[in-house]
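[1] A predicted structure for the sequence below; I have some questions about it.
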Amino acid sequence: MATNTIRYALPYTLHKKKEKWYVSVNAPEEIKHLYPDSGRDRRSTGTNDRRIANEKASQIVEKIMDGFDIKRLQLEPFIEACRPYLVKSGLDVQRWYTEGKMLVRLKGNESLFVRHYGQDRMETVFEGRRINLYLGEHD
């Protein structure tokens, strides 16, 4: 199994399955949930010859990368703009896309919102979609 790197510095793997060589690329973290095959895109080179498979790999990887770019367009702009802050706060952003929610436990100074506004819920609308933020014990 050979591992190589191109565009976006993402490694790709060349491996043999069912007498054919396949190229696999792990999807970037933000779009892994869109790939049911363990968060990766795998495509056949159409050959059982490793040398030919290596020659075709870069073209196949480029097509996979183009697919990643298209999948990124499916992400919600508001969530993606907040992603660095959400991840830094320990939130699993993927959960927003797979379950429609993210949970965080706030303690001490982090719960200033609750102390200041006297409520444990904030509701807002972004691009026509209602977003509820619950602070505290909610599922």
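    In hand now; what should we look at? Everything numeric here is computed off the predicted structure, so don't read it as measured data.

[2] okay, CA-based contacts and neighbour counts for the rest of this
    OK.

[3] any chance you could map the strands in the chain?
    Assignment of strands within the chain using DSSP state E yields the ranges 2-6, 10-17, 20-26, 40-44, 121-126, 129-134.

[4] Figure out how far the fourth one is from the centre of its chain.
    The gap between the average C-alpha position of strand 40-44 and the chain average comes to 16 Å, counting by CA atoms, centre = their mean, to the nearest Å.

[5] circling back: tell me, which of the strands of the chain is the model least confident about?
    Least confident of the strands of the chain, judged by mean pLDDT, is strand 2-6 with a mean of 51.

[6] Can you give me every residue that contacts the closest residue to Lys16 other than its chain neighbours?
    Closest residue to Lys16 apart from its sequence neighbours, by CA to CA, 6 or more residues apart in numbering: Tyr22 at 6.0 Å. Counting by CA atoms under 8 Å, 6 or more residues apart in numbering, Tyr22 touches Thr13, Leu14, His15, Lys16, Arg42, Arg43, Ser44, Thr45, Gly46, Ala53.

[7] can you tell me which helix in the chain is longest?
    Counting by DSSP state H, the longest helix found in the chain is helix 50-72.

[8] Let me see the contact set for Ile70.
    Ile70 sits next to no residue when contact means CA under 8 Å, 6+ apart.

[9] typed the wrong thing, it's Leu75
    Here Leu75 is in contact with Ile31 (CA under 8 Å, 6+ apart).

[10] Report the separation between it and Tyr97.
    8 Å (CA to CA, to the nearest Å).

[11] Likewise for Glu62?
    26 Å.

[12] higher neighbour count, the two?
    Taking other CA atoms under 10 Å, Glu62 and Tyr97 do not tie; Tyr97 has more neighbours (17 against 13).

[13] For that one, list the residues it contacts.
    With the criterion set at CA under 8 Å, 6+ apart, Tyr97 makes contact with His33.
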